[in-house]
Structures are given as C-alpha cells and as structure tokens.
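Q: fold the stuff below for me.
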Amino acid sequence: MTDRVFFYGTLMTGFDRRRRAGIDERTLTYLGRGFIRAALFDLGIYPAAVPDPEGRVWGEVYRMRAPDGVLQALDNIEGYCPEEPDASLYTRLEIPVVLEDGTVENGWAYFYNAPLGRAERIPSGDYLEHLKLK
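A: Numbering: from 1, shown residues only. Sure thing, here's the model as predicted:
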C-alpha cells in the first residue's frame, strides 16, 4: 500500500478542507505537482475526476506520515465507504501519478462515483486554473 495521496480539488493548498478535518503539515509532506489520467468536471462547489486514459488532471502529491489515519479522514470527507464502494459518492483507487519531473509513483486518488448530469468538463484538467477563469 502506498503512502502517497493525490489532491485535485478543494483538498489542495489554498482551501480550508484539510485543516478542518485535522489533516495538516504534521500528517502530510508536500512532494510537488503532478497529474493523473482522468477527466475533470465542475460540479459547482467542488470538482469531480473520472478515469480517462487520454485526460490529465493536475493536482498536488503528498506523502502521508500516518496513512491509515489520513485515509480514514479523507474517506469521511469524500463520502467513501470501503465496505460499500458502489454506494459511495467517491471511490478511492491506487493509481500512477506523474510528477512534474516525469517520475511516476503510485498514489491514492478519489474518483467521482455518481452521475455527472450536466457538469461542465474542465478542459485544462486544472481546478485552480479553472477557478481563476470564472
């Protein structure tokens, strides 16, 4: 099991969600920016990534100091229940993450697990850039 995690939305730096869940610099070490193979959509108050081998979703990569505790807190935030993944709002998968220097490491990422409806696709795959353009 990897100790890396990938954030692409409101868990990234600049938002308050991690701190409110008790996840901070004591539990995470920033490793840099990177991307996963996925497509990114704007759901209004947060984004949703879905697997897409042709897409790129940009975000931040972290090393977890206590993976079990951090993942449990993240699962709660993302509405992921390991015992009922099909009924979860997001699912957690261990996938390849490409860092800016080209290094590939496995990391945990959360993928949206509900209908997208009329959600707008974010062509850049970068939620922070998307918010600046709104």
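Q: ok, residues contacting the least confident helix or strand in the chain by mean pLDDT?
A: Every helix and strand of the chain was ranked by mean pLDDT, DSSP states H and E. The lowest is helix 17-20, at a mean of 81. Residues from elsewhere that reach helix 17-20, judged by CB atoms under 8 Å, 6 or more residues apart in numbering: 10, 11, 24, 28, 77. (Each C-beta comes from the backbone N, C-alpha and C, glycine too.)
Q: that helix: how far from the chain's middle?
A: 14 Å (CA atoms, centre = their mean, to the nearest Å).
Q: how about stretch 124-134?
A: Mean-position distance between stretch 124-134 and its chain equals 15 Å (CA atoms, centre = their mean).
Q: what about it, average pLDDT?
A: Stretch 124-134 carries an average pLDDT of 90.
Q: may I see the contacts of helix 17-20 arranged in TSV, with distance to residue 40, neighbour count and secondary structure as well?
A: Output for those, formatted as TSV (distance: CB to CB, whole Å; neighbours: other CB atoms under 10 Å; DSSP: H, G, I helix; E, B strand; the rest coil):
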residue	distance to residue 40	neighbour count	secondary structure
10	13	15	coil
11	14	22	coil
24	25	9	coil
28	22	19	strand
77	18	16	helix
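Q: going by distance to residue 45, which of these wins?
A: When those are ranked by distance to residue 45 (CB to CB), residue 10 comes first, at 8.1 Å.
Q: contacts only, for that closest one.
A: Contacts of residue 10 by CB under 8 Å, 6+ apart are 17, 46, 47.
Q: residues near residue 5, how many?
A: Close neighbours of residue 5, defined as other CB atoms under 10 Å, add up to 26.
Q: just say helix, strand or coil for the nearest residue to it once chain neighbours are set aside.
A: The shortest distance from residue 5 to any non-neighbouring residue, by CB to CB, 6 or more residues apart in numbering, is to residue 108 (4.7 Å). Following DSSP: H, G, I helix; E, B strand; the rest coil, residue 108 is assigned to strand.
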